[in-house]
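Peer 1: Okay, sequence plus prediction incoming.
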Amino acid sequence: MVVSGMNSGLKFSVAVALVWLVSIGVEANAQWQEREDWAATFEQAGVAGTIAVLDLRGGKVHRIVYNAERAQQRFSPASTFKVPHALFALDAGIVRDEFQVFEWDGEKRWLDAWNRDQDLRSSMRNSVVWVYQKFAREIGEAREREYLKKIDYGNADPSGGIERFWIEGDLEISAIEQVEFLRRLYYNELPFAVEHQRLVKDLMLNEAGNEWTCEWILRAKTGWSSSSDPGIGWWVGWVEWPEGPVFFALNIDMPNGIDDTAKRKLITRDVLRSLGALPKSDQEKHQ
């Protein structure tokens with residue numbers, strides 16, 4: 001009777017609050033199912049690592065992990081931090097839109113793709129460090145810290161150098177925390193303008209296709225930090241299906257440096273295909 005006497009706006013607010021409380025309860029009691037058979041994929045690649053997968057297809061919640069202990073361990077996010085960092089820059093007004101051009105300073109860097117003018121889309125696609133260093137300098141450490149705490153990102157510590165804190169500084173995040181951040185971004189639940197969250201998701205587009213008329217979209221970001229020994233490689237993101245998203249966060253040791261970079265996607269794709277979260281390759285279809 002009390003609810004029936006509420007105005008529509010208040011009813012909506014209560015409904016949202018109830019959904020939020022239920023979701024918090026689910027997250028607090030989350031159980032991750034260990035998939036020991038995924039060890040073979042890591043062993044075949046010759047690297048140690050972990051992957052956490054949150055499968056929300058069909059209105060169900062499946063939390064699946066390989067190497068659960070490591071999935072809770074925090075590492076430098078490296079260039080996966082470009083995803084929240086782009087949100088910070090948009091919110092701070094440093095970036096107007098995806099078309100704003102950031103002029104190259106003329107300094108030759110190790111990747112040719114970095115040695116030219118950039119916009120938000122190209123800097124995300126090519127993981128252009130100097131663009132995000134510019135954002136960091138303009139945001140400043142104090143405000144970076146505020147943003148990090150606001151979104152509860154890993155240890156929320158931007159110390160260790162304003163231009164390097166996400167690569168070789170003190171900022172760290174776990175694979176499970178990456179998945180939760182991505183889930184909130186997907187549902188536009190982060191404390192930023194919805195149009196900014198939608199833009200950043202658009203920037204993350206990697207691949208799209210269909211399988212038996214079912215459309216799917218892969219959005220993701222790589223990362224590689226060489227500041228530790230061995231280095232740490234990331235691939236984080238999600239696959240969108242009509243029946244729901246499948247989020248993933250992988251990190252691996254990269255003792256061979258750049259020679260190990262391709263293994264991030266190879267392992268992740270193998271794991272996702274085992275769940276039917278990515279279509280099988282043409283070779284697998286004929287086996």
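Peer 2: Cool, got the structure. Bear in mind that the values here come from a model prediction, so they are computed numbers and not experimental data.
Peer 1: Could you list the buried residues of stretch 167-186?
Peer 2: 167, 169, 171-183, 185-186 (16 or more other CB atoms under 10 Å). Placement of C-beta: from N, CA and C, glycine included.
Peer 1: ok, which stretches of the stretch 51-200 of the chain are helices?
Peer 2: Along the stretch 51-200 of the chain, counting by DSSP state H, counting those that start in this stretch, helices occupy 68-71, 82-91, 120-125, 129-139, 141-150, 175-186, 194-203.
Peer 1: I'd like to know which of those helices is closest to Met254.
Peer 2: Nearest to Met254 among the helices of the stretch 51-200 of the chain is helix 68-71 (14.3 Å), distances taken as CB to CB.
Peer 1: Show residues contacting the closest one.
Peer 2: Contacts to helix 68-71, defined as CB atoms under 8 Å, 6 or more residues apart in numbering, come from residues 32, 34, 48-52, 65, 174-176, 249, 251.
Peer 1: where does the stretch 151-287 of the chain have low pLDDT?
Peer 2: Scanning the stretch 151-287 of the chain with the threshold set as pLDDT under 70 gives 210-214, 281-287.
Peer 1: Check the gap between the residue lying closest to Gln73 once chain neighbours are set aside and Arg184 for me.
Peer 2: Nearest residue to Gln73, sequence neighbours excluded (CB to CB, 6 or more residues apart in numbering): Ser174, at 5.9 Å. According to CB to CB, to the nearest Å, Ser174 stands 15 Å off from Arg184.
Peer 1: that older thread, reformat the helices of the stretch 51-200 of the chain as a markdown table; add distance to Trp104.
Peer 2: Output for these, formatted as a markdown table (distance: least, CB to CB, whole Å):
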| stretch | distance to Trp104 |
| --- | --- |
| helix 68-71 | 38 |
| helix 82-91 | 18 |
| helix 120-125 | 11 |
| helix 129-139 | 8 |
| helix 141-150 | 24 |
| helix 175-186 | 29 |
| helix 194-203 | 19 |
